[in-house]
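*Asks:* turn this into a model:
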Amino acid sequence: MKGSNQQILHKSNWLPITKQEMNERGWDQPDVILVSGDAYVDHPGFGTAVIGRVLENIGLKVVILPQPNWRDDLRDFKKFGQPRLFFGISAGCMDSMVNHYTAARRLRSDDAYTPGGIAGFRPDYASVVYSLILKKLYPDTPVILGGIEASLRRLTHYDYWSDKLKPSILVESNANLLVYGMGEKSIISIAERLRNGETMDTLTDIPQTAFFKKEKPKFTEETHLLHSHEECLKNKRKQAENFRVFEEESNRWISGKLIQQTGNGWVVINQSHQPSTSEELDAIYALPFTRLPHPKYRNRGPIPAYEMIRHSITLHRGCFGGCSFCTISAHQGKFVSSRSEASVLNEIQKVTEMPDFKGYISDLGGPSANMYKMQGIKIDACNKCKRPSCIFPNICPNLNTNHKALINLYRDAANINGIKKIFIGSGVRYDLLFDKNNKLNRQNYGHEYAQQLISSHVSGRLKVAPEHTSDTVLQHMRKPSFQLFRAFKKIFEEENQKAGLRQQLIPYFISSHPGCKAEFMAELAADTKDLGYKLEQVQDFTPTPMTLSTEIYYTGIDPYTLQPVFTARTPEEKKAQNRYFFWYKPENIPWIKSNLAKEKRMDIVNRLYNRK
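*Replies:* Reported below is the predicted structural model:
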């Protein structure tokens, strides 16, 4: 039996996370200290590792401080001393509050980004807590926020866990600068300018950064002045109006500058970078990642999030789906940036050389499985576009949805020596496979992709996300009609039969989403029961910062129409909607029958419980 990679690689292959490891490299002082709420996994799927390797690549001495103890005498925050350039802070791969709490605001008992899956190794609002500690210990050292928590809290935002509107995280954290979105380009600019002797007060022009200043900033043609934080506190409609501007700008090829007065100062959100090129992404994935957790964790148990992706490959960034409840467009953007096939195949080759590799790639995907190499036909048109979604309410005629490049990639990857099977674990956007007549699209190779996916790349179960069956709710979600799921299910079953397979199609659904009434959940229960499902993959809607669904949940209105939208808000309403998922459980049957009888929906009772 082969030994583990940790036994083969020396700890010097990882970025230092202890004072001893730093000293062994002969460093008296690091240039940059990266603080993370996650354990350190040196894998391109983990943001802190990527930023660390990118900074190392330009010649900086980088150390990582993963999951520091914030409860004791703060010795973890002091062990490396003061960095020469800056502290970089990330709460981790998830917003710390999403990581900690369920949709019912109950504390989770585990943490997928910690060895052994043990909870409690990061604080609530981790970015703020880490920043305030460091600003107190090292008041003259710049602190730069990054990662998804900072990115999605860069302006006034609704925080579900405190049930209140919070100002920009810059205000609460006292950080000097914030990098939003995928931050490699911005962090390189920051580091190089500081290394060249500039001071933080001069770094106000770097794209994809945000900062707080006391003086009123200058305005240009590309500047959008938002309602102040104080105005939003008094008037939910103004918060809704702000969100529309924020979302539209987040989904532009290059966003405009956003400015919001907050208290006695101004939050300034600089314009974004253009989407990354294939060459830029390839360069990142070519960096010397070990693809493994740091050896220090060897005896603490596996890191669940790593176990899920250890043999997976990321093909692209961005997602043009624009789902209302999803944070991807606000962080990665709607424009898809894809790696070259050569870069992907090279990484697969590296995975096959891992001692624990048994021949199975767990995923070739991204935010969505089947958007690889898809982009606008005329980029000039994309430059001007502000649509939040390229495929809702219909597929943009300027979007190239051709699946041929992805089909070829799957085939080339499968031919690499040592590969037994490649599974697709990312969510498939099955609506991209159909034409306007709800038939498989042969012109964009949707038909061939569906056949190859179902016959060769499903690990027994293919998970997809119709999210609801009601067209009313799906409109609020920016998701396609449930009729497309029915059509895809039929194709899935036909292809299984042709291939002699007994695979399952597993749909995901959400309850209590804005626009969803209890009646719609009852209809969902009956619709899925008719299709032969007893649902498993279900969840209650969780409002996460800076998504359209969250803004509707908080304000009660749609930011685009400014019309009221019903939303289940109380624990009782949310629990009631969720119970319809489990219509088959004995404890729910009397309650469901009674409630549907009150609503005069005996037709649904009959569908659920087979009354003639």
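*Asks:* could you use CA atoms for every contact and neighbour count after this?
*Replies:* Will do.
*Asks:* give me the local confidence score for Leu9.
*Replies:* We have a pLDDT of 78 for Leu9.
*Asks:* what about it, how many residues nearby?
*Replies:* 13 (other C-alpha atoms under 10 Å).
*Asks:* can I assume Pro419 is in contact with Ser362?
*Replies:* Heads up, residue 419 is Ile, not Pro. No. At 11.2 Å, Ile419 and Ser362 do not qualify as touching, with contact defined as C-alpha atoms under 8 Å.
*Asks:* which one's more surrounded, the two?
*Replies:* Between Ile419 and Ser362, Ser362 has the larger neighbour count (other C-alpha under 10 Å), namely 21 against 18.
*Asks:* for the more buried one, what are its contacts?
*Replies:* 308-309, 311-312, 422-425 (C-alpha atoms under 8 Å, 6 or more residues apart in numbering).
*Asks:* now do it against Val50, distance only.
*Replies:* Note on Ser362: its distance to Val50, by C-alpha to C-alpha, to the nearest Å, is 21 Å.
*Asks:* repeat for Phe87
*Replies:* From Phe87 to Val50 the distance is 16 Å (C-alpha to C-alpha).
*Asks:* kindly report the same for Arg237.
*Replies:* Relative to Val50, and taking C-alpha to C-alpha, Arg237 is found at 39 Å.
*Asks:* now do Ala103
*Replies:* 30 Å.
*Asks:* try Ser549
*Replies:* 30 Å.
*Asks:* compare those two (neighbour count), which wins?
*Replies:* Ser549 (28 against 21).
*Asks:* show me what the helix or strand that contains the more buried one is packed up against.
*Replies:* Here Ser549 sits within helix 548-555, counting by DSSP states H and E. If you count contacts as 3 or more C-alpha pairs under 8 Å, 6 or more residues apart in numbering; DSSP states H and E, helix 548-555 packs onto strand 157-159, helix 236-250.
*Asks:* how does it look with 7 Å?
*Replies:* helix 236-250 (3 or more C-alpha pairs under 7 Å, 6 or more residues apart in numbering; DSSP states H and E).
*Asks:* next, the angle from the next helix-or-strand element following the helix it packs on to helix 236-250.
*Replies:* Next helix or strand after helix 236-250 toward the C-terminus (DSSP H and E): strand 257-262. Relative orientation of strand 257-262 versus helix 236-250 (axes from the mean of the first three to the mean of the last three C-alpha atoms, to 10 degrees): 150 degrees.
*Asks:* report the buried residues of strand 257-262.
*Replies:* For strand 257-262, the neighbour count (16 or more other C-alpha atoms under 10 Å) marks 257-262 as buried.
*Asks:* now do stretch 298-314
*Replies:* Buried, per 16+ other C-alpha under 10 Å, within stretch 298-314: 302-306, 309-314.
*Asks:* what of stretch 242-256?
*Replies:* Under 16+ other C-alpha under 10 Å, the buried positions of stretch 242-256 are 242-256.
*Asks:* so which of those residues comes closest to Val41?
*Replies:* Ser250 (29.0 Å; C-alpha to C-alpha).
*Asks:* now that closest one. Nearest residue, chain neighbours left out?
*Replies:* Ala330 (5.7 Å; C-alpha to C-alpha, 6 or more residues apart in numbering).
*Asks:* distance check, the closest residue to Glu341 other than its chain neighbours against Ile361.
*Replies:* Counting by C-alpha to C-alpha, 6+ apart, Leu409 is the residue found nearest to Glu341 once chain neighbours are left out, at 6.6 Å. Leu409 sits 13 Å away from Ile361, going by C-alpha to C-alpha.
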